[in-house]
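Participant: Need a 3D model of the sequence below.
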Amino acid sequence: MNNTSAGTPSKVKVGAAQPSEAGFKRKRGVFQKDLQHMMYGFGDDPNPLPETVALVEDIVVEYVTDLVHKAQNVASKRGRLLTEDFLFLIRKDLPKLNRCTELLSMNEELKQARKAFEVDEEKLATIE
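Facilitator: So this is what the prediction gives:
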(Lines give C-alpha, C1' and ligand atoms only; values in the text may rest on other atoms or scores of the structure.)
Protein backbone atom coordinates (compact mmCIF):
# COMPACT_ATOMS: atom_id res chain seq x y z
CA MET A 1 0.00 0.00 0.00
CA ASN A 2 2.83 2.39 0.77
CA ASN A 3 4.45 1.96 -2.62
CA THR A 4 4.95 5.56 -3.70
CA SER A 5 6.03 4.65 -7.22
CA ALA A 6 2.63 3.02 -7.83
CA GLY A 7 0.74 6.11 -6.69
CA THR A 8 2.83 8.65 -8.56
CA PRO A 9 1.83 7.78 -12.14
CA SER A 10 -1.87 8.17 -11.39
CA LYS A 11 -1.27 11.58 -9.88
CA VAL A 12 0.86 12.59 -12.83
CA LYS A 13 -1.71 11.18 -15.22
CA VAL A 14 -4.52 13.24 -13.67
CA GLY A 15 -2.54 16.44 -14.05
CA ALA A 16 -1.27 15.54 -17.50
CA ALA A 17 -4.70 14.74 -18.89
CA GLN A 18 -6.04 18.22 -18.30
CA PRO A 19 -3.54 20.24 -20.37
CA SER A 20 -3.77 17.81 -23.29
CA GLU A 21 -7.40 18.81 -23.71
CA ALA A 22 -6.48 22.35 -24.75
CA GLY A 23 -9.59 22.95 -26.87
CA PHE A 24 -11.97 21.55 -24.28
CA LYS A 25 -12.62 23.25 -20.98
CA ARG A 26 -14.97 21.31 -18.75
CA LYS A 27 -17.29 22.77 -16.21
CA ARG A 28 -16.11 21.75 -12.75
CA GLY A 29 -18.41 20.81 -9.91
CA VAL A 30 -21.18 19.33 -12.04
CA PHE A 31 -21.10 16.00 -10.22
CA GLN A 32 -20.18 17.22 -6.74
CA LYS A 33 -23.54 16.63 -5.03
CA ASP A 34 -23.88 13.16 -6.54
CA LEU A 35 -20.31 12.27 -5.60
CA GLN A 36 -20.81 13.54 -2.04
CA HIS A 37 -23.81 11.24 -1.67
CA MET A 38 -21.93 8.31 -3.20
CA MET A 39 -18.91 8.92 -0.98
CA TYR A 40 -21.17 9.01 2.08
CA GLY A 41 -22.81 5.77 0.92
CA PHE A 42 -19.38 4.16 0.78
CA GLY A 43 -18.53 5.24 4.33
CA ASP A 44 -17.17 8.77 4.05
CA ASP A 45 -18.26 11.76 6.12
CA PRO A 46 -21.70 13.21 5.27
CA ASN A 47 -19.94 16.45 4.29
CA PRO A 48 -16.56 15.51 2.78
CA LEU A 49 -13.90 18.10 2.14
CA PRO A 50 -14.47 20.03 -1.10
CA GLU A 51 -10.91 19.21 -2.18
CA THR A 52 -11.63 15.50 -1.80
CA VAL A 53 -14.84 15.73 -3.83
CA ALA A 54 -13.04 17.74 -6.52
CA LEU A 55 -10.26 15.14 -6.70
CA VAL A 56 -12.74 12.26 -6.95
CA GLU A 57 -14.63 14.18 -9.64
CA ASP A 58 -11.42 14.71 -11.62
CA ILE A 59 -10.60 11.01 -11.38
CA VAL A 60 -14.10 9.95 -12.45
CA VAL A 61 -14.25 12.39 -15.36
CA GLU A 62 -10.79 11.31 -16.50
CA TYR A 63 -11.77 7.63 -16.32
CA VAL A 64 -15.02 8.13 -18.23
CA THR A 65 -13.34 10.32 -20.84
CA ASP A 66 -10.58 7.77 -21.34
CA LEU A 67 -13.12 4.95 -21.62
CA VAL A 68 -15.14 6.87 -24.21
CA HIS A 69 -12.03 7.62 -26.27
CA LYS A 70 -11.06 3.94 -26.20
CA ALA A 71 -14.60 2.94 -27.18
CA GLN A 72 -14.48 5.40 -30.08
CA ASN A 73 -11.23 3.84 -31.24
CA VAL A 74 -12.80 0.38 -31.10
CA ALA A 75 -15.90 1.62 -32.93
CA SER A 76 -14.01 3.61 -35.57
CA LYS A 77 -13.79 0.56 -37.83
CA ARG A 78 -17.56 0.21 -37.78
CA GLY A 79 -18.35 3.92 -37.92
CA ARG A 80 -20.68 4.19 -34.93
CA LEU A 81 -20.42 3.84 -31.18
CA LEU A 82 -22.47 1.07 -29.59
CA THR A 83 -23.07 -0.16 -26.06
CA GLU A 84 -21.18 -3.33 -26.94
CA ASP A 85 -18.01 -1.26 -27.43
CA PHE A 86 -18.07 -0.31 -23.75
CA LEU A 87 -18.86 -3.87 -22.71
CA PHE A 88 -15.91 -5.04 -24.79
CA LEU A 89 -13.58 -2.64 -22.97
CA ILE A 90 -14.66 -3.75 -19.49
CA ARG A 91 -14.90 -7.46 -20.33
CA LYS A 92 -11.97 -8.34 -18.06
CA ASP A 93 -13.38 -6.48 -15.05
CA LEU A 94 -16.15 -8.91 -14.09
CA PRO A 95 -17.83 -6.83 -11.36
CA LYS A 96 -18.18 -3.87 -13.75
CA LEU A 97 -19.28 -6.09 -16.60
CA ASN A 98 -21.91 -7.83 -14.46
CA ARG A 99 -23.22 -4.54 -13.12
CA CYS A 100 -23.41 -3.03 -16.60
CA THR A 101 -25.27 -6.01 -18.03
CA GLU A 102 -27.64 -5.92 -15.04
CA LEU A 103 -28.34 -2.22 -15.57
CA LEU A 104 -28.81 -2.70 -19.30
CA SER A 105 -31.32 -5.51 -18.76
CA MET A 106 -33.17 -3.45 -16.16
CA ASN A 107 -33.28 -0.55 -18.63
CA GLU A 108 -34.72 -2.85 -21.29
CA GLU A 109 -37.38 -4.10 -18.85
CA LEU A 110 -38.32 -0.51 -18.00
CA LYS A 111 -38.64 0.36 -21.70
CA GLN A 112 -40.95 -2.61 -22.24
CA ALA A 113 -43.02 -1.70 -19.18
CA ARG A 114 -43.40 1.90 -20.36
CA LYS A 115 -44.38 0.71 -23.81
CA ALA A 116 -47.00 -1.65 -22.35
CA PHE A 117 -48.30 1.15 -20.15
CA GLU A 118 -48.64 3.48 -23.15
CA VAL A 119 -50.51 0.79 -25.07
CA ASP A 120 -52.89 0.32 -22.12
CA GLU A 121 -53.51 4.07 -21.95
CA GLU A 122 -54.26 4.18 -25.69
CA LYS A 123 -56.78 1.32 -25.30
CA LEU A 124 -58.47 3.14 -22.41
CA ALA A 125 -58.65 6.36 -24.43
CA THR A 126 -60.32 4.59 -27.36
CA ILE A 127 -62.87 2.92 -25.07
CA GLU A 128 -63.99 6.24 -23.58
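Participant: what's stretch 80-100 in contact with?
Facilitator: Surrounding stretch 80-100, the residues in contact under the criterion C-beta atoms under 8 Å, 6 or more residues apart in numbering are 67, 70-72, 74-75, 101, 104. In short, each C-beta sits where N, CA and C put it, glycine included.
Participant: If we use 10 Å, what do you get?
Facilitator: Contact with stretch 80-100 is made by 66-68, 70-76, 78, 101, 104, 107, as judged by C-beta atoms under 10 Å, 6 or more residues apart in numbering.
Participant: how long is it from one end to the other?
Facilitator: Separation of the first and last residues of stretch 80-100 by C-alpha to C-alpha, to the nearest Å is 20 Å.
Participant: So what's the gap between it and the chain middle?
Facilitator: Distance of stretch 80-100 from its chain centroid, counting by C-alpha atoms, centre = their mean, to the nearest Å, is 11 Å.
Participant: Now that stretch: buried residues?
Facilitator: 85-86, 89-90, 97 (16 or more other C-beta atoms under 10 Å).
Participant: Let me have those in JSON lines, adding secondary structure, distance to residue 33 and pLDDT as columns.
Facilitator: Shown next, in JSON lines, are these (DSSP: H, G, I helix; E, B strand; the rest coil; distance: C-beta to C-beta, whole Å; pLDDT from 0 to 100):
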{"residue": "85", "secondary structure": "helix", "distance to residue 33": "30", "pLDDT": "95"}
{"residue": "86", "secondary structure": "helix", "distance to residue 33": "25", "pLDDT": "96"}
{"residue": "89", "secondary structure": "helix", "distance to residue 33": "28", "pLDDT": "96"}
{"residue": "90", "secondary structure": "coil", "distance to residue 33": "26", "pLDDT": "96"}
{"residue": "97", "secondary structure": "helix", "distance to residue 33": "28", "pLDDT": "97"}
